[in-house]
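J.: what's the 3D shape of this:
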Amino acid sequence: MDTIKSYVEANKNRFLEELFELLRIPSISTLPEHKVDMLKAAEYWKKTLIEAGSDRAVVMPTAGNPVVYAEKIINQALPTVLVYAHYDVMPVDPLEQWISDPFEPQIRDGKIWARGANDDKGQSFIHAKAFELMVKTNSLPCNVKFMIEGEEEVGSVSLGKWCADNKELLKSDIILISDTSMMGPDTPSITVGLRGLAYVEVEVAGPSNDLHSGLFGGAVANPAIILAKMIASLHDENNRITIPGFYDDVLEVSAEERAAMARAPFNLQGYKNSLDIDDVHGEVGFSTIERTGIRPSLDVNGMWSGYTGNGAKTVLPSKAFAKISMRLVPNQDYNKVALLFKDYFESLAPKSVKVKVNIHHGGQAYMAPITTPAYLAASLAIEDVYGKKPIPFRSGGSIPIVSTFEQILGVKSLLIGFGLESDAIHSPNENFSLHQFFNGIDTIARFYGYFGGHNV
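T.: Next comes the predicted model:
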């Protein structure tokens, strides 16, 4: 314990400087113009893991962005941890809402502010530095491998095949991931469930080109209005999703588990205040925690049509578009749900328009056991650092590749996240608590000690 704390204290400024170099790389995977930045971020990770003490680190090609693989094998007879993370980040739009440059990290109010500060560069760097600590202090009691990809934010489209092609290389006893959140800085938790994801883009087309809204308005269908009506019809008066068959495979959660969830600390008024909303909204009959943990959802991620520039332009647009995501729960298959959506959405269209549904990507929901040696080691480590046993928690988010890992590699994942609800991931002014960052390094180092069978 003293070794961990003293090493972190002696190196904390360097840790931040090295993290900031990574944060300055605009590795936005969804934008083709940042292709060179993806390789730059991968090479930075290779350098970081070599300097941390890996026996080897390589940048390996995939059909898309490369994967960084590294390993430290101290004894083949010992257990092996495979650390998964991603170096790609979300776009920064709308840029004007950022208080500071998203790719020039700053420290304010005890937090790191930058795109990727939490998701996932800050959290992944926790693992790099915990690994370094254990290696440099000759304390590492198990083998460690790293797999750091560059396509998580676009559905990890190339990683499944890469994993299948490298199954022998990736052999491990547990996959360790920090890409989730804790319930609060004083309420430590371990994520034991992730929702699945089905992501689609829709197009509603009317006339062959934009028309004069005075000459044609009222006589020709307006795709923007039609799209709005179609989207509105995807929920009923109780905020249940209306797609036929959508709930057929949803596993109902027992009254006992719902009661256990209700005992978790949750301040509804504080939740509303933090989001600057007057009330919450969702499926009738379920609490806010249940709506994001055990129930599926459907949300519009973006809509656009017609003229959106400054001033006025009186047009009847020829097309309207929307991006829609559906978060799924265990037993729902994302491929099946995407097709159900497509069939239903197309059926809603009047003859005055044409509809296209483009199915993008997705992944299955995931549930992890709480009785494995890895979970118990994580629980002990978190209790050491935070002074409380962690609460098993179902997250509303999705990491689609996690279920793929189990299918291809036959290995369970352990999700120890250090983010907080206030970190604004995927949004302007993303941030990450310095306290959580350094606590994370401490926790992961202790995890290795417990998982490897050593006292810390």
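
J.: only C-alpha atoms for contact and neighbour calcs from this point on.
T.: OK.

J.: Just checking, which helix or strand of this protein averages the lowest pLDDT?
T.: helix 255-262 (a mean of 86; mean pLDDT, DSSP states H and E).

J.: Same question for the next helix or strand after it: list its buried residues.
T.: Downstream of helix 255-262, the first helix or strand assigned by DSSP states H and E is helix 268-275. Buried residues in helix 268-275, counting neighbours by 16 or more other CA atoms under 10 Å, are found at residue 271.

J.: Show the average pLDDT along the next helix or strand after helix 268-275.
T.: Once helix 268-275 ends, the next helix or strand along the chain (criterion: DSSP H and E) is helix 288-293. Averaging pLDDT along helix 288-293 gives 94.

J.: burial measure for residue 358, as a count.
T.: By other CA atoms under 10 Å, the residues close to residue 358 number 13.

J.: excluding its backbone neighbours, what's nearest it?
T.: On the basis of CA to CA, 6 or more residues apart in numbering, the spatially nearest residue to residue 358 that is not a chain neighbour turns out to be residue 201, at 5.1 Å.

J.: And the host helix or strand of that neighbour, what does it pack against?
T.: When elements are assigned from DSSP H and E, residue 201 belongs to strand 196-205. Secondary-structure packing of strand 196-205 (3 or more CA pairs under 8 Å, 6 or more residues apart in numbering; DSSP states H and E): helix 223-232, strand 319-328, helix 334-347, strand 354-363.

J.: Report the buried residues of the third one.
T.: Of the residues in helix 334-347, those scored as buried under the neighbour-count criterion (16+ other CA under 10 Å) are 334-335, 337-338, 341-342, 345-346.

J.: Looking at those residues, which is nearest residue 244?
T.: When those are ranked by distance to residue 244 (CA to CA), residue 341 comes first, at 8.5 Å.

J.: confidence score at the closest one?
T.: Turning to residue 341, the model gives it a pLDDT of 98.

J.: The one 4 residues further on too?
T.: Per-residue confidence for residue 345 comes out at a pLDDT of 98.

J.: hang on, the earlier thing: quick one: the strand holding residue 201 to chain centroid distance?
T.: Going by CA atoms, centre = their mean, to the nearest Å, the spacing between the C-alpha centre of strand 196-205 and its chain's C-alpha centre is 19 Å.

J.: same check, this time on stretch 350-363
T.: Per CA atoms, centre = their mean, the displacement of stretch 350-363 from the mean C-alpha position of its chain is 25 Å.

J.: heads up, I number from 25, so please use that
T.: Understood, numbering begins at 25; the last thing we discussed is stretch 374-387.

J.: in that stretch, what's buried?
T.: Of all the residues in stretch 374-387, those buried under the rule 16+ other CA under 10 Å are 377, 379, 381, 383-387.

J.: what do you get for stretch 99-115?
T.: By neighbour count, with 16+ other CA under 10 Å as the criterion, the buried positions of stretch 99-115 are 103-115.

J.: all helices for this protein, in order.
T.: For the chain, helices defined by DSSP state H occupy the ranges 26-47, 59-76, 145-160, 183-189, 237-240, 247-256, 279-286, 292-299, 312-317, 358-371, 397-410, 425-433, 458-475.

J.: how about the ones you listed, which one is nearest residue 391?
T.: For these, proximity to residue 391 was assessed by CA to CA; helix 425-433 is nearest, at 8.7 Å.

J.: what's that closest one packed up against?
T.: Using 3+ CA pairs under 8 Å, 6+ apart as the contact test, the elements touching helix 425-433 are helix 183-189, strand 378-387, strand 437-439.

J.: okay if I get the ones you listed as JSON lines plus distance to residue 173?
T.: Conversion of these to JSON lines gives the following (distance: least, CA to CA, whole Å):
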{"stretch": "helix 183-189", "distance to residue 173": "7"}
{"stretch": "strand 378-387", "distance to residue 173": "16"}
{"stretch": "strand 437-439", "distance to residue 173": "16"}
